[in-house]
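# need coordinates for the below:
(2 chains)
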Amino acid sequence: MSHDNPTFVPTMLQDAVNWAQKYSLFTYPFATACCAMEFMSTMGPRYDIARFGAEFPRFSPRQADLLIVIGTITERQAPVLRRIYDQMPDPKWVMAFGVCASTGGFYQNYTVTPGADQVIPVDVYVPGCPPRPEQVLDGLMALQRRIQEHRGHSQAELGNTASIGYRDRRHLPVLPDGTSMTLGADERMPKDGRVR
Amino acid sequence: MAQRVLDILQERLPHALLEAGSYVGDEMALIDRDHLLEVLTLLRDDPELDFAMLTDLTVVDWLGQSPRFEVVYQLYSLRHKHRVRLKVGVGEEEPECWVPTATSLWHSAAWAEREAWDLYGVRFRGHPDLRRILMYEEFVGHPLRKDYPQNARQPLIRRPDAPSTDDQTTRLLANSHDRRVE
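Residues are numbered from 1 along each chain as shown, chains lettered A, B, ... in the order given. Model prediction:
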């Protein structure tokens, strides 16, 4: 666990915060391809993702803390995915749903990004083409363990998310080339302001 | 059934018709590029032919042959319910890699020709708005050409700390025959 001030009280508080967050994930489904059908099945009453506290998809990234990348990400779409991730409030997690989002899948060509992790940090990879709902739930439980253990990418960046004022990302690590994990202001959007 | 179409073409525009044939019920005609618009106009406007619909417009890359590209027009007549396939040979060298646009005859040609330009680099002379339609503007080359390197990637964006892939793109693109798109 990484804390700025690893005293007893914040540690317990951090555990409590993580426990609360892992059982109330607000998902943003970034559905681009056929895997969305399996996602709908997972959301439905038969498999019932509500048992894990993640039943409520928010169709705005600004109200979500779990980004589920469902389907193929093309090179042309990658900047859009990056912008959506940047818009989500901290702390946030990403699940790559299916092999296309994980590695590009069987698309090895000029147009498909070889995995969403080329663009955004991914916490959990769920393989399958498409994955069964059971696999998705298994991935969600893996993510919950990861959240509880404070090992999510954004949690590692932020440090102590139980402390007041962590949202200003003062403690973001600076990468060797001088940039932070989140892109610089001039890089977030294409230069001409259009979404390509 | 559409043999009649080829007969009319042979009768009216014999100088434009380089080759005509039929294979498993599909009538095909190889057209001289200089007379392509004449042929297309006749096919669309003649009441006996009446090809009101351009179903598709595609390109075939015969790498190593000359001419290298073949632009293929699939036409359909809504009234007579017959079809015909036209092919036009297009050379690879830059000043010759073009065909006249069919946008003045069928509006559906506009996007199909943009796609053909985007993926194969065949220019359509006279097209009102010949831009890329599927790939992004920053893309270099034409990806469905047979000499486009198979593993080349041209990402718009990458995480600064992204897991590095086997990135041979620069070398492959440098060695390919692709030209930067103006």
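# neighbours of residue 50, how many?
Here I'm looking at chain A. Using other Cβ atoms under 10 Å in any protein chain shown, A:Ala50 is surrounded by 12 other residues. The way it works is simple: take the backbone N, C-alpha and C, and place the C-beta from them, glycine included.
# that's the wrong chain, I wanted chain B
With other Cβ under 10 Å as criterion, B:Asp50 counts 15.
# verify the contact between it and B:Ser77 for me.
Yes. Using Cβ atoms under 8 Å, B:Asp50 is in contact with B:Ser77, at 5.0 Å.
# bridging residues for A:Leu67?
Legend: beta-bridge partners of A:Leu67 under DSSP bridges are A:Tyr28, A:Val94.
# can you pull the contacts of it?
By Cβ atoms under 8 Å, 6 or more residues apart in numbering or on different chains, A:Leu67 lies in contact with A:27-28, A:30, A:61, A:84-85, A:88, A:92-95, A:120.
# how about a cut-off of 7 Å?
The contact partners of A:Leu67, by Cβ atoms under 7 Å, 6 or more residues apart in numbering or on different chains, come to A:28, A:30, A:84-85, A:88, A:92, A:94.
# phi, psi for the residue lying closest to B:Arg132 once chain neighbours are set aside please.
Nearest non-adjacent residue to B:Arg132, counting by Cβ to Cβ, 6 or more residues apart in numbering or on different chains: B:Asp118, 4.4 Å away. Phi and psi for B:Asp118, reported as degrees, to the nearest 10, are phi -60, psi -50.
# can you get me a residue count around B:Asp118?
By other Cβ under 10 Å, the residues close to B:Asp118 number 20.
# would you mind measuring from it to B:His142?
Between B:Asp118 and B:His142 the computed distance is 7 Å (Cβ to Cβ, to the nearest Å).
# can you get me a residue count around whatever residue of chain A ends up closest to chain B?
Closest to chain B within chain A is A:Tyr110: 4.2 Å, counting by Cβ to the nearest Cβ. A:Tyr110 is flanked by 22 other residues according to other Cβ under 10 Å.
# re earlier: contacting residues around the residue nearest to B:Arg132?
Contacts here follow Cβ under 7 Å, 6+ apart; on that basis B:Asp118 touches B:132-135.
# can you say which of those are buried?
B:132-133, B:135 (16 or more other Cβ atoms under 10 Å in any protein chain shown).
# quick check, pLDDT for the residue positioned nearest the centre of chain A.
Among the residues of chain A, the one closest to the centroid is A:Val94, at 1.5 Å (Cα atoms, centre = their mean). The model reports A:Val94 with a pLDDT of 95.
# next, give phi and psi for A:Tyr85.
Backbone dihedrals for A:Tyr85, given as degrees, to the nearest 10, come out at phi -60, psi -40.
# ok, B:Val60 touching B:Arg68?
No. Contact between B:Val60 and B:Arg68 fails when scored by Cβ atoms under 7 Å: they sit 9.5 Å apart.
# have a look at those two and say which one is more surrounded.
B:Arg68 (22 against 13).
# measure the closest residue to the more buried one other than its chain neighbours to B:Gln65 for me?
Leaving aside its chain neighbours, B:Arg68 sits nearest to B:Glu92 (4.0 Å; criterion: Cβ to Cβ, 6+ apart). Distance of B:Glu92 to B:Gln65, given as Cβ to Cβ: 10 Å.
# just to revisit the earlier point, so what's the residue nearest to the centre of chain A up against?
A:Val94 makes contact with A:67, A:69, A:85, A:120-123 under the criterion Cβ under 7 Å, 6+ apart.
# how does it look with 8 Å?
A:66-69, A:85, A:116, A:120-124, A:153.
# about what we covered before: the residue of chain A closest to chain B contacts B:His142, correct?
No. Counting by Cβ under 8 Å, A:Tyr110 stays clear of B:His142, with 10.0 Å between them.
# common neighbours of the two, please.
Taking Cβ under 8 Å, 6+ apart as the contact rule, A:Tyr110 and B:His142 both touch B:Tyr148.
# kindly report the residues of chain B close to chain A.
Counting by Cβ under 8 Å from any Cβ of the partner chain, the residues of chain B lying close to chain A are B:134-137, B:143, B:148, B:150-163, B:165.
# of the residues you listed, grab the buried ones for PyMOL.
To isolate the buried ones among those in PyMOL, judged by 16+ other Cβ under 10 Å, type:
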select buried, chain B and resi 135+136+143+148+152+153+154+155+156+157+158+159+162+165
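# so of the residues of chain B next to chain A, which ones are in helices?
Assignment to helices by DSSP state H places none of those there.
# next SSE downstream of the host helix or strand of B:Glu27?
For B:Glu27, the host element (DSSP states H and E) is strand B:26-31. The C-terminal neighbour of strand B:26-31 among helices and strands, as given by DSSP H and E, is helix B:36-45.
# for the strand holding B:Glu27, output the C-alpha coordinates as CSV.
Only the C-alpha atoms of strand B:26-31 are listed here, as CSV (Å, rounded to 0.1, in the frame of the first residue of the first chain):
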residue,chain,number,x,y,z
ASP,B,26,-21.8,-12.5,-64.7
GLU,B,27,-21.2,-10.3,-67.7
MET,B,28,-18.0,-8.4,-67.7
ALA,B,29,-16.5,-5.8,-70.0
LEU,B,30,-13.0,-4.4,-70.0
ILE,B,31,-13.2,-0.7,-71.0
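# output the contacting helices and strands for it.
helix B:3-12, strand B:17-23, strand B:83-90 (3 or more Cβ pairs under 8 Å, 6 or more residues apart in numbering or on different chains; DSSP states H and E).
# okay, angle between the first one and strand B:17-23 too, please.
Okay, so that is helix B:3-12. 170 degrees (axes from the mean of the first three to the mean of the last three Cα atoms, to 10 degrees).
# what does helix B:3-12 contact?
Contacts of helix B:3-12 (Cβ under 8 Å, 6+ apart): B:16-17, B:20, B:22, B:27, B:29, B:39, B:42-43, B:46, B:48-49, B:82, B:84.
# which parts of chain A are helices?
Using DSSP H, the helices of chain A run over A:8-22, A:35-43, A:78-87, A:99-103, A:133-148, A:153-158.
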